[in-house]
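A.B. asks: A predicted structure for the sequence below; I have some questions about it.
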Amino acid sequence: MYNCVMTLQKTASAAPILKWAGGKRRLLKQYALHFPPVEQINHYYEPFIGSAAVFLHLQPEHATLSDRNARLIEVYQTIQQDVEGVIDALQPHKNESDYYYQIRAQVPETLTAVQRTARLIFLNKTCYNGLYRENRRGQFNVPFGRYNNPTICDKKRLRNVSCLLQSVELLAVDFDVAVADAQPGDFVYFDPPYVPLNKTSNFTEYDQHGFDESAHRRLASTVERLTDNGVNVMLSNSSADLVYALYDNGRYTLHEISARRNINSKANLRGPVKELLILNY
């Protein structure tokens, strides 16, 4: 078993183990200006875990991390419980096109949790743009990425994340269920799939269910309930009209954030965009 004693000390070396569309690692310097002091957070909730970049930055003492994507949560649970098994399972994987499609075609239900976790990490590290996308049947369908020499198994990063997850509650549930027990003094960070600025600018189909306008309205109602209950909330989203309509109502502070997004397949359509950071404190 890996010794976490030293790793569990606050460290800036903890970094995400997955690439994720809309991941926040590059925005943390801007976000850090708006986080509450970590020592004042009784319990941290992150219901759209993605790459977990914000959690890994804050490293709160008590946390609940969740996502509706059960396969993603299983990755974190397995790394939490058996990181050495995951490292061993990653060793045979190789960055070759034919091999990639062979692994992609595997039926996850026929694999062990460790094998499924290694498979998802491998696909994430070698697929096009590090994109996670499922079709309506729940099948991962992103093509091979053709990277020169991607790091498929970063042992140090995997072990660091495993150590930081040891006392974390991990749940495969919808966002409103995940934060049902949040109390005053707790901090909730929502990073949902963004409201599209237009028909092609944003990618929101992370899983077979998608995240449509009704889901965003339901999320806004959850934020309102948490605000009424005295829970500190931060939410990221695009600068689409719907986001302003839902949150620019005098109850929240809206900050503009400059971000760069690289998911679009056309290079000339990638680049800086304005996003919103929404606070109730």
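C.D. replies: Yep, that arrived. Numbering: from 1, shown residues only.

A.B. asks: max-length helix in this structure?
C.D. replies: helix 70-90 (DSSP state H).

A.B. asks: Identify all contacting residues around that helix.
C.D. replies: Residues outside helix 70-90 that contact it (C-beta atoms under 8 Å, 6 or more residues apart in numbering): 1-2, 17-18, 49-50, 52, 65-67, 108, 113-118, 120-122, 132, 152-153, 155, 158-159, 161-162, 165-166, 168, 170-172. The way it works is simple: take the backbone N, C-alpha and C, and place the C-beta from them, glycine included.

A.B. asks: mind running it again at 7 Å?
C.D. replies: By C-beta atoms under 7 Å, 6 or more residues apart in numbering, the surrounding residues in contact with helix 70-90 are 2, 17, 49, 65-67, 113-118, 120-122, 152-153, 155, 158-159, 161-162, 165-166, 170-172.

A.B. asks: Give the other helices and strands that the following helix or strand past that helix contacts.
C.D. replies: Per DSSP states H and E, the first helix or strand lying C-terminal to helix 70-90 is helix 97-104. Under the contact criterion of 3 or more C-beta pairs under 7 Å, 6 or more residues apart in numbering; DSSP states H and E, helix 97-104 touches helix 113-126.

A.B. asks: Put the alpha carbons of the first helix or strand past the helix it packs on going along the chain into PDB.
C.D. replies: Per DSSP H and E, the first helix or strand lying C-terminal to helix 113-126 is helix 155-164. Output in PDB follows, covering the C-alpha atoms of helix 155-164 (Å, rounded to 0.1, in the frame of the first residue of the first chain):
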ATOM      1  CA  LYS A 155       2.300   7.000 -11.200                       C
ATOM      2  CA  LYS A 156       3.100  10.100  -9.100                       C
ATOM      3  CA  ARG A 157      -0.100  11.900 -10.100                       C
ATOM      4  CA  LEU A 158      -2.300   8.800  -9.600                       C
ATOM      5  CA  ARG A 159      -0.800   8.200  -6.100                       C
ATOM      6  CA  ASN A 160      -1.200  11.800  -5.100                       C
ATOM      7  CA  VAL A 161      -4.900  11.800  -6.100                       C
ATOM      8  CA  SER A 162      -5.500   8.500  -4.400                       C
ATOM      9  CA  CYS A 163      -4.100   9.900  -1.100                       C
ATOM     10  CA  LEU A 164      -6.300  13.000  -1.400                       C
END
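
A.B. asks: Please report how far residue 111 lies from residue 72.
C.D. replies: Distance of residue 111 to residue 72, given as C-beta to C-beta, to the nearest Å: 16 Å.

A.B. asks: buried residues in the longest helix of the chain?
C.D. replies: 71-80, 82-83, 85-87, 89-90 (16 or more other C-beta atoms under 10 Å).

A.B. asks: Stretch 139-148 now?
C.D. replies: By 16+ other C-beta under 10 Å, the buried positions in stretch 139-148 come out as 140, 142, 144-145.

A.B. asks: how far does it stretch from start to finish?
C.D. replies: Terminal residues of stretch 139-148 are spaced 26 Å apart (C-alpha to C-alpha, to the nearest Å).

A.B. asks: what's next to that stretch, contact-wise?
C.D. replies: 95, 97, 100-101, 104, 123, 126-129, 131, 133-135.

A.B. asks: Average pLDDT for it, rounded please.
C.D. replies: Averaging pLDDT along stretch 139-148 gives 92.

A.B. asks: One more: stretch 77-88?
C.D. replies: For stretch 77-88, the mean pLDDT works out to 98.

A.B. asks: Over to stretch 232-248?
C.D. replies: pLDDT averaged over stretch 232-248 gives 98.

A.B. asks: buried sites along it?
C.D. replies: Buried, per 16+ other C-beta under 10 Å, within stretch 232-248: 232-240, 243, 246-247.

A.B. asks: one step back: filter the contacts of helix 70-90 down to the buried ones.
C.D. replies: Members of those classed as buried by 16+ other C-beta under 10 Å are 17, 49, 65-67, 113-118, 120-122, 152-153, 158-159, 161-162, 165, 170-172.

A.B. asks: related to what we said a few turns ago, as TSV, the buried residues of stretch 232-248 with distance to residue 42 and secondary structure would be great.
C.D. replies: Shown next, in TSV, are the buried residues of stretch 232-248 (distance: C-beta to C-beta, whole Å; DSSP: H, G, I helix; E, B strand; the rest coil):
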residue	distance to residue 42	secondary structure
232	10	strand
233	14	strand
234	15	strand
235	19	strand
236	22	strand
237	25	strand
238	30	strand
239	31	coil
240	33	coil
243	28	helix
246	27	helix
247	24	helix
